[in-house]
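Participant: what shape does this take:
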Amino acid sequence: DGNVLSCIGQTVFPIDPVKFDPELDADNAAAVVSYLEGFGGAFVAVDEDADTLSALQFYKDQTDELSQQIIATVPESICYERIPGQGRSAICDATITAAQGG
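Facilitator: Below is the predicted model of the structure:
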């Protein structure tokens with residue numbers, strides 16, 4: 001009937017076993033992959049899939065082109081504080097956002 005009868009499992013994070021930022025040599029990359037895979041299956045090393053990359057290239061090309069266009073301008077900086085009152089914004093003082101949950 002389409003009803004969920006159970007929900008089990010775990011979150012799995014695919015990781016690229018080759019590309020790291022900052023770049024790592026082969027020995028250090030292998031050590032990081034081994035360490036992450038030791039977390040009981042939460043991290044799984046996967047190789048790039050050529051078919052998927054090819055399919056996504058169409059969208060990447062569009063994104064690259066559109067990112068060069070100005071889509072809006074605002075007359076002043078917008079104060080954005082992810083956690084109100086925390087004071088991590090470089091644009092506004094924490095006291096401005098504290099009343100919204102700081």
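Participant: quick one: buried residues of stretch 54-66?
Facilitator: Using 16 or more other C-beta atoms under 10 Å as the burial criterion, none of the residues of stretch 54-66 qualify. (Each C-beta comes from the backbone N, C-alpha and C, glycine too.)
Participant: and it, C-alpha only, in PDB?
Facilitator: C-alpha atoms of stretch 54-66 as PDB (Å, rounded to 0.1, in the frame of the first residue of the first chain):
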ATOM      1  CA  SER A  54      29.400  12.800 -18.400                       C
ATOM      2  CA  ALA A  55      25.800  13.200 -17.600                       C
ATOM      3  CA  LEU A  56      26.500  16.000 -15.100                       C
ATOM      4  CA  GLN A  57      28.700  17.900 -17.500                       C
ATOM      5  CA  PHE A  58      25.700  19.400 -19.300                       C
ATOM      6  CA  TYR A  59      24.600  21.000 -16.000                       C
ATOM      7  CA  LYS A  60      28.200  22.100 -15.000                       C
ATOM      8  CA  ASP A  61      28.500  23.900 -18.300                       C
ATOM      9  CA  GLN A  62      25.300  25.800 -17.600                       C
ATOM     10  CA  THR A  63      26.400  26.600 -14.100                       C
ATOM     11  CA  ASP A  64      29.800  27.900 -15.300                       C
ATOM     12  CA  GLU A  65      28.100  30.100 -17.800                       C
ATOM     13  CA  LEU A  66      25.400  31.400 -15.500                       C
END
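Participant: now that stretch: how far from the chain's centre is it?
Facilitator: Computed by C-alpha atoms, centre = their mean, to the nearest Å, the separation of stretch 54-66 from the middle of its chain amounts to 18 Å.
Participant: state the mean pLDDT of it.
Facilitator: Averaged across stretch 54-66, pLDDT comes to 94.
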